[in-house]
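Chemist: Sequence below, structure please.
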Amino acid sequence: MSYVEVPGAKVPIRMWADPASVEDAAMQQLRNVATLPWIKGLAVMPDVHFGKGATVGSVIAMHGAVCPAAVGVDIGCGMSAVKTSLTANDLPGDLSGLRSKIEQAIPVGRGMHDEPVDPSGLYGLGASGWDDFWGRFDGVAEAVKFRQERATKQMGTLGSGNHFIEFCLDESGSVWLMLHSGSRNIGKELADFHIGEAQKLLHNQGLVDRDLAVFLADTEPMRDYRNDLFWAQEYAKHNRAVMMALFQNVVRKEFKKAKVTFEPVISCHHNYVSEERYEGMDLLVTRKGAIRAGSGDFGIIPGSMGTGSYIVKGLGNAKSFNSASHGAGRKMSRNAAKKRFSVKDLADQTRGVECRKDSGVVDEIPGAYKPIEKVIDQQRDLVEVVAKLKQVICVKG
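Modeler: Residues are numbered from 1 along each chain as shown. Modelled structure (predicted):
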């Protein structure tokens, strides 16, 4: 489908979703965003749903301002995927042992490494650049500086919620490795801190929603936020790179005889800010639950833990600010999912997938998400499908 325009106060709301199917609270958030004085464009992805201040699944372009809540609290959250030389025929009949090896190598939930991971000992990662990266931690907000030790030990860890690590097969039987994670606790703490700082600023008083508070260009608060924002985005990128290297190490050890090779890793943020230019204007584009889909850009759009995912290539549609959805998108809250579904429902909906099937992950049941095939179909003018993947192992936090 192409987009539908819904009138907004300052800009039209371009929707790659059926407005009638979007929950009322999310539609109100979109209307609220369209009232911001600095806004120059708003694109809504087919996986849109209610979030903090701004919806998940929205792309907001502003001139001279940025809204921290329109980035998402897990700054830099995103996906990585890599195609391997393995095929379905190489996999054992019982995948539980392989899942255990992955969980042993990569801490999940609130777990962290006993000691910081040494990137120089990991395939595909070098030691260069890491000292500079950690050195810049001294410049982040005073409120979270005491978290440095924890942040170093959480580098290369999964976290919880909707984060996952998967073994997948494409339609030709090739094995892919895929994972979803972000900037762990340090990114959330920086986001929460700066949302609070923005809410105190005079120009944000009287906004329709205090969570839409912004920082203005060429001000000290904006400089502080941008410093922490870009550092956290880099942390998230490094975190996925370390996890992927640990994941690849597991695969090498478990499939020694196959002498596994890997294609280049595809990686993309889906909670972040980018400086981009449209119609002759320099804009700050926030993608909260959206990926960049410029012409030829590779991206990853995952479904839920029992369905499948898509590797896509961007078509460069400027109407969406070169963006596409970040996943299937929730159709009900975590609490609603826990009330609606049982452990038996989870087992039924994840049949054939080696994964947790207990009450701790019922809120991640496929039935709590929108159908991924429909989400892909609604953005055929934004991306083309390169590969369709189906998970056979899913590690959850």
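
Chemist: Give me the distance between the spatially most central residue of the chain and residue 247.
Modeler: Centroid check for the chain by Cα atoms, centre = their mean gives residue 78 as the closest residue, at 3.1 Å. Distance check for residue 78 against residue 247: by Cβ to Cβ, to the nearest Å, it reads 15 Å. Using the backbone N, CA and C atoms, a C-beta is placed for each residue, glycine as well.

Chemist: Ok, residue 104 next?
Modeler: For residue 104, the distance to residue 247 - Cβ to Cβ - is 12 Å.

Chemist: cool, and residue 395?
Modeler: Counting by Cβ to Cβ - residue 395 and residue 247 are separated by 10 Å.

Chemist: which is the next helix or strand following the worst-scoring helix or strand of the chain on mean pLDDT?
Modeler: Lowest by mean pLDDT, DSSP states H and E among the helices and strands of the chain is helix 130-135, with a mean of 89. As assigned by DSSP states H and E, the chain's next helix or strand after helix 130-135 is helix 148-154.

Chemist: list the buried ones in that next one?
Modeler: By neighbour count on 16 or more other Cβ atoms under 10 Å, the buried set for helix 148-154 is 151-154.

Chemist: which ones are touching residue 309?
Modeler: Counting by Cβ atoms under 8 Å, 6 or more residues apart in numbering, residue 309 makes contact with 81, 166, 168, 178, 300-303, 372, 388-389, 391.

Chemist: which stretches of the stretch 251-397 of the chain form helices?
Modeler: For the stretch 251-397 of the chain, the helices defined by DSSP state H, counting those that start in this stretch occupy 334-340, 343-349, 372-377.

Chemist: Might you list the low-confidence residue ranges for the chain?
Modeler: 1 (pLDDT under 70).

Chemist: Show me which strand runs longest in it.
Modeler: Ranked by number of residues, the top strand in the chain under DSSP state E is strand 383-396.

Chemist: List the neighbouring strands of that strand plus their orientation.
Modeler: strand 164-170 (antiparallel), strand 309-314 (antiparallel), strand 354-355 (parallel) (DSSP bridges).

Chemist: To residue 41, which of those strands lies closest?
Modeler: Nearest to residue 41, of all the strands paired with strand 383-396, is strand 309-314, at 17.4 Å by Cβ to Cβ.

Chemist: quick one: the helices in the stretch 51-200 of the chain?
Modeler: 96-105, 130-135, 148-154, 184-199.

Chemist: could those be laid out in a markdown table, adding distance to residue 318?
Modeler: Shown next, in a markdown table, are these (distance: least, Cβ to Cβ, whole Å):
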| stretch | distance to residue 318 |
| --- | --- |
| helix 96-105 | 40 |
| helix 130-135 | 33 |
| helix 148-154 | 37 |
| helix 184-199 | 28 |
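
Chemist: winner for burial among the ones you listed?
Modeler: When the helices of the stretch 51-200 of the chain are scored by mean count of other Cβ atoms under 10 Å, the highest mean neighbour count falls to helix 184-199 (a mean of 21).

Chemist: Which elements pack onto that one?
Modeler: Applying 3 or more Cβ pairs under 8 Å, 6 or more residues apart in numbering; DSSP states H and E, one finds that helix 184-199 contacts helix 148-154, helix 220-254.

Chemist: nearest to residue 10, of the helices of the stretch 51-200 of the chain?
Modeler: Between residue 10 and the helices of the stretch 51-200 of the chain, the tightest spacing by Cβ to Cβ is seen for helix 184-199, at 19.1 Å.

Chemist: CA atoms only: put the closest one into PDB for me.
Modeler: Output of helix 184-199 as PDB, limited to C-alpha atoms (Å, rounded to 0.1, in the frame of the first residue of the first chain):
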ATOM      1  CA  ARG A 184      21.300  -2.100  28.000                       C
ATOM      2  CA  ASN A 185      20.600  -0.200  31.100                       C
ATOM      3  CA  ILE A 186      23.100   2.600  30.500                       C
ATOM      4  CA  GLY A 187      21.100   3.800  27.400                       C
ATOM      5  CA  LYS A 188      17.800   3.800  29.300                       C
ATOM      6  CA  GLU A 189      19.200   5.700  32.200                       C
ATOM      7  CA  LEU A 190      20.700   8.400  29.900                       C
ATOM      8  CA  ALA A 191      17.300   8.600  28.100                       C
ATOM      9  CA  ASP A 192      15.300   8.900  31.300                       C
ATOM     10  CA  PHE A 193      17.700  11.500  32.700                       C
ATOM     11  CA  HIS A 194      17.500  13.700  29.600                       C
ATOM     12  CA  ILE A 195      13.800  13.400  29.200                       C
ATOM     13  CA  GLY A 196      13.600  14.800  32.800                       C
ATOM     14  CA  GLU A 197      16.000  17.600  32.000                       C
ATOM     15  CA  ALA A 198      14.100  18.600  28.900                       C
ATOM     16  CA  GLN A 199      10.800  18.800  30.800                       C
END
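
Chemist: No more questions from me, cheers.
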